[in-house]
Structure formats: C-alpha cells, structure tokens
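Return a 3D structure for these sequence lines:
(3 chains)
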Amino acid sequence: MVQAIALIDGNNFYAACEQSIDPSVAKRPLVILSNNDGCIIARSPEARELGIPMGQPYFRIRNKLERLGVIVRSSNYALYGDMSQRLMNLLDENCEGIEIYSIDEAFARINRPSNGDLHPWARRLRALSNQSLGLPISIGFGASKGQAKLANHLAKTRAFHAGIFDLINIQDQDSYLESIPIENVWGIGQKSAHWCRLKGINTAKQLRDIPSNQLKAQLGIVGIRLQQELLGQACLPLATTPSPKQTTCVSRSFGHSVTSLEELIEAIATYVVHASEKLRRQRQLTQSISVFIRTNPFAPSFYSQEATTRLGVPTNDTTVLLPTALALTRKIFSAHKQFTKAGVIMRHLQSADYQQQSLLATYSQEGQYRRDQLMRTIDQINASYGKGTISWACCGLKQHWNMRREKISCAATTRIMEIPIVKA
DNA sequence: TCTGGGGTCCTAGGACCC
DNA sequence: TCTGGGGTCCTAGGACCC
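Sure thing, here's the model as predicted:
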C-alpha cells in the first residue's frame, strides 16, 4: 500500500471561525487582532484583497480600517480552540493517522488508491468540513512533511487547483517548485532566507538542488534535513501520539502599564494559578518555576528581569507554586518602572504518573495527598461551573491590568447562553 | 496611549567524570 | 621537554514555527 503525507489546514482559520458563527460578517472584510488588541493576526480573503497587511500594529492602521469598512474582532481563543477540536475530530475520522501540528493544521497519513488519484477523497473531505463546520480547508500531498507543506502552499495560491494539490502525482513538479519563493519554504526564516538570496538561491527548487555541504555549513543539520524532505525523503516522522510538553508558559501583556508591586503580584498570581491548572490537565509536575517581567521593548531604557527557583520536590500544587513565584516577583520588582508584560515559565516537567519521592522530604505524604485532593476538587468545580468560580484572593478581583479585548465575539460554541439563534 | 503568546530544536561552551 | 581521549550534563542564546 502506497501512502502519502498530507498537510491539511483551515484557511484564514480565526477569521473563518468568526464567520462560521456569525453570518453578518460572512463574505465581508474582517480582521482578527492578537491578544491585548495588539496587531493583526488573521484576515478574511476580502480584507486581504483590500491590501491589509499581516502583523501590522492595530493603532497604526485603525483609521484605514474604519475608512475601508473593515470589521475588527479581538481574538477569541475559547471559540478557535473549540472549532479546532471539531476539525481535528473530523480529520481523525477520515485519515489513517494524524499529527496535530497547530491550532489550525494537521499532518496526516493517507492510503493512496490503486489509480493513484487522491483528489476524490480530498474533495469529499473539503465538502464535509464546509458542511459540518463552515470551515474551508486546503489539502497538500507529498512524500514527506516538507513536500506536503509545499503542496499545501500551492493548493492555496493556485486558484485553479481549488484547494487541493498533489506534488507526487504531477507531471512538471520542478516547474512548480521553481515558482515557490525561498521565503515560503517551511523551515526557512528571515535569517536563512537572507543568506539564501545572497547565494542566489531564490526558489524551493534551487534549495533542493544546491550541494548539501554548502547547506550544512550555513544551516547545520537542520538544513540537510530540510533538503532531504524536499527531495521526498521523509526525515521528520509523523508523531501521531503527542509527546509530553517540556515547558509550559503563561504570559500576557497588560492592558495598561503596571508600576505597583501589588498589581504585579495580582497578575503573576493569576498566571501561576493558570499554569498550575495546565500542568494538572497535562498530568505533569514541574521541577522549576521562573517569573519574568519587562517594560516596553520598543521604548528606550528597556528593562527585563527573570528569576528561577529549582524545586526540591516536583509539584503541580498551586499552594506550593504560588508563594514561590510571589517571592521571585518581589525579588525582581523594581520601583518607578512601567511594566508592560510579565509571565511564568515551568521547565523540567515530568510525568505526574511516576513521581520520584525525595530522600530529604520534610513534608508528610498524608498532607500532600490531601492537597492533591483539594486541587482536584477546585479544578472540577471550575470545570463544571465556569472558570474562576473558585479563585485565589491574591489574584485580585478587579484586575485592572488585564488585557484589552474590546471587540470580542461571544462564546457561541462553548457557553449555552451564547449559542446563536437562527430566526426563520 | 496603543507593537501577541506559546512552543520546539540545535549549537556552543563550560564543568565535570573516568 | 613534556600535558589524552571520550563522554555526559547543563545553560544560554539563536532560529524557527503557527
């Protein structure tokens, strides 16, 4: 059985999710802002046609958007995460095995039919996604992940191919590779693209064909792997079971800059509570906790500090992590500074299923058991009755520092009171 | 006034081991 | 005058991804 690797992704995913739950913004120019309403991170095709650039800070382009009648939304990750899960379930049911690569894309293993033509299968999957989720998807086929990525890029950019492109089952593969600029090759970022251009490597085909010793010298083993992938030699395995995370981080920019220790502590406490919940959901413990704070990196006199505590006993217990993080916060806080962002990072994670006991532990096992029970109970209550039903006093009530989300849509797929109503 | 968040992998260099 | 070879682990920083 010949197998192909597919890369399947949602087109303009965040914008498509908004359009899927709200017909009034369908087929209209729409942009989605990053957290804190910072910059543009997604555009509907109609907004793209108006020449709205990706990544542009919102405050710089706000007037232009108003003038052009572009609809603006804050990002709504509750909605996108839920729509993503539905899409991944659909892919899982229809493929031999999938690797969820990001919120809006997955690699998949597909059996190629005896006549070699994957287009009927792909057309059916696109129709299913459109009908059941209202999400348009693109599908690219290759012999490796790298080729599947290129094929997906071609599926999106060549209207004639209607969202499906098979790089293997095609006559003039080379001419297609020649049409892809080096910047659009997966794994080539700004820095590497600059080097490639200087060397006269301007397309995916040229990258595939240069002597590998030159590539090795500049890009190291990563470059060699990339080249092999372009040649159709799969070096990056399909990870159908997700591997456990090595780090977990919760960080946010503030809605307005923070100068007082009290407010900073509220914010850090909130992030620690969130990060500890994440650890418990992932069934992991952390062996280290770091806190970082920083001022505006675009302003002169940029200030940034980080501090870490290594924990004797790995834990995911909020009652242990909170005081540790708050002590670190007091240590790195500096008065008369305007902080714009802070965060908490957990490193050296390990499975909660095989907990190493400490030789020198000073706590009682009984006490730890009771605290684990307490954490479980809090998580269950918050899952049943909504986030923050049980909170920690040090997180504060008003949270004036919290991020801006002035134009957020409703939780149409995850909150019963906000389900859209269709009038006949 | 206002510029996102959360990850992975690789490399180099230092400390240390036998 | 002469000063090994082979390895692990850790950290910091860079590059990249969506």
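
now the helix or strand where residue A:146 lies: mean pLDDT?
Taking DSSP states H and E as the definition, one finds residue A:146 inside helix A:145-157. What helix A:145-157 shows for mean pLDDT is 97.

Same check on stretch A:82-95?
According to the model, stretch A:82-95 has a mean pLDDT of 97.

Please tell me how far it is from the chain's geometric centre.
Put simply, stretch A:82-95 sits 16 Å off its chain's centre (CA atoms, centre = their mean, to the nearest Å).

which parts of it are buried?
Of the residues in stretch A:82-95, A:82-84, A:87-88, A:90-91, A:94-95 count as buried by neighbour count, 16 or more other CB atoms under 10 Å. Heads up, the C-betas are built off the backbone N, CA and C, glycines and all.

ok, that stretch near DNA strand C or not?
No: judged by CB under 7 Å from any atom of the strand, stretch A:82-95 and DNA strand C are separated, with a smallest distance of 10.2 Å.

Helix or strand for residue A:221, just tell me which one.
helix A:212-230.

Give me the helices and strands touching that helix, please.
Counting by 3 or more CB pairs under 8 Å, 6 or more residues apart in numbering; DSSP states H and E, the packing neighbours recorded for helix A:212-230 are helix A:145-157, helix A:190-198, helix A:204-209.

who does the helix or strand hosting residue A:308 pair up with?
Assigning secondary structure by DSSP H and E places residue A:308 in strand A:304-315. Strand A:304-315 sits in its sheet next to strand A:284-295 (antiparallel), going by DSSP bridges.

Dump the C-alpha coordinates for the strand it pairs with into CSV.
Extracted C-alpha coordinates of strand A:284-295, given in CSV (Å, rounded to 0.1, in the frame of the first residue of the first chain):
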residue,chain,number,x,y,z
GLN,A,284,2.7,16.8,34.7
LEU,A,285,4.8,18.1,37.6
THR,A,286,7.4,20.9,37.4
GLN,A,287,10.8,21.0,38.9
SER,A,288,11.4,24.6,38.3
ILE,A,289,9.5,27.9,38.2
SER,A,290,10.6,31.1,36.7
VAL,A,291,9.0,34.6,36.8
PHE,A,292,9.8,37.3,34.3
ILE,A,293,8.8,41.0,34.0
ARG,A,294,9.6,43.5,31.4
THR,A,295,8.9,47.1,30.3
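
The residue in the stretch 51-200 of chain A that DNA strand C sits nearest to: how many residues sit nearby?
Per CB to the nearest atom of the strand, residue A:189 is where the stretch 51-200 of chain A lies closest to DNA strand C, at 2.2 Å. For residue A:189, the neighbour count with other CB atoms under 10 Å is 9.

likewise residue A:371?
Residues lying near residue A:371 (other CB under 10 Å) number 16.

Provide a list of residues in contact with it.
A:317, A:319 (CB atoms under 8 Å, 6 or more residues apart in numbering).

Just checking the distance from stretch A:223-243 to the centre of its chain.
Centroid separation between stretch A:223-243 and its chain, computed with CA atoms, centre = their mean, is 20 Å.

Same check on stretch A:106-117?
Centre-to-centre, stretch A:106-117 and its host chain are 27 Å apart (CA atoms, centre = their mean).

So for that stretch, mean pLDDT?
For stretch A:106-117, mean pLDDT is 97.

Other residues contacting it?
A:1-9, A:88, A:91, A:95-101, A:118, A:121, A:141, A:145, A:148, A:169, A:238, A:240.

These in helices, which ones?
A:88, A:91, A:121, A:145, A:148 (DSSP state H).

where along chain A do the strands fall?
Counting by DSSP state E, chain A has strands at residues A:3-10, A:30-33, A:40-43, A:71-74, A:97-102, A:105-111, A:137-142, A:164-166, A:248-258, A:284-295, A:304-315, A:339-351.

Spell out which parts of chain A neighbour DNA strand B.
Counting by CB under 7 Å from any atom of the strand, chain A comes close to DNA strand B at A:34-36, A:38-39, A:41, A:55, A:57, A:59, A:220-222, A:243, A:245-253, A:257, A:278, A:296, A:298, A:340-341, A:343, A:403.

sorry, back to before: reformat the ones in helices among the contacts of stretch A:106-117 as TSV; add distance to residue A:364.
Shown next, in TSV, are those (distance: CB to CB, whole Å):
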residue	distance to residue A:364
A:88	43
A:91	47
A:121	59
A:145	49
A:148	53
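
Of all pairs in the residues you listed, which one is the farthest apart?
A:121 and A:145 (19.0 Å; CB to CB).

So which of those two has more stuff around it?
Comparing residue A:121 with residue A:145 by other CB under 10 Å, the one with more neighbours is residue A:145, at 22 against 19.

Nearest residue to that one in space, please, no chain neighbours.
residue A:236 (4.9 Å; CB to CB, 6 or more residues apart in numbering).

One more: residue A:382?
Counting by CB to CB, 6+ apart, the residue nearest residue A:382 is residue A:389, at 5.3 Å.

From DNA strand C, how far out is that neighbour?
Noted for residue A:389: a distance of 30 Å to DNA strand C, by CB to the nearest atom of the strand, to the nearest Å.

I'd say residue A:307 and residue A:289 touch.
No: with contact defined as CB atoms under 8 Å, residue A:307 does not count as touching residue A:289 (9.5 Å).

Find residues that contact each of these two.
Residues touching both residue A:307 and residue A:289 (CB under 8 Å, 6+ apart): residue A:328.

Looking at these two, which is more packed in?
Neighbour count, other CB under 10 Å: between residue A:307 and residue A:289, residue A:289 has more, with 25 against 16.
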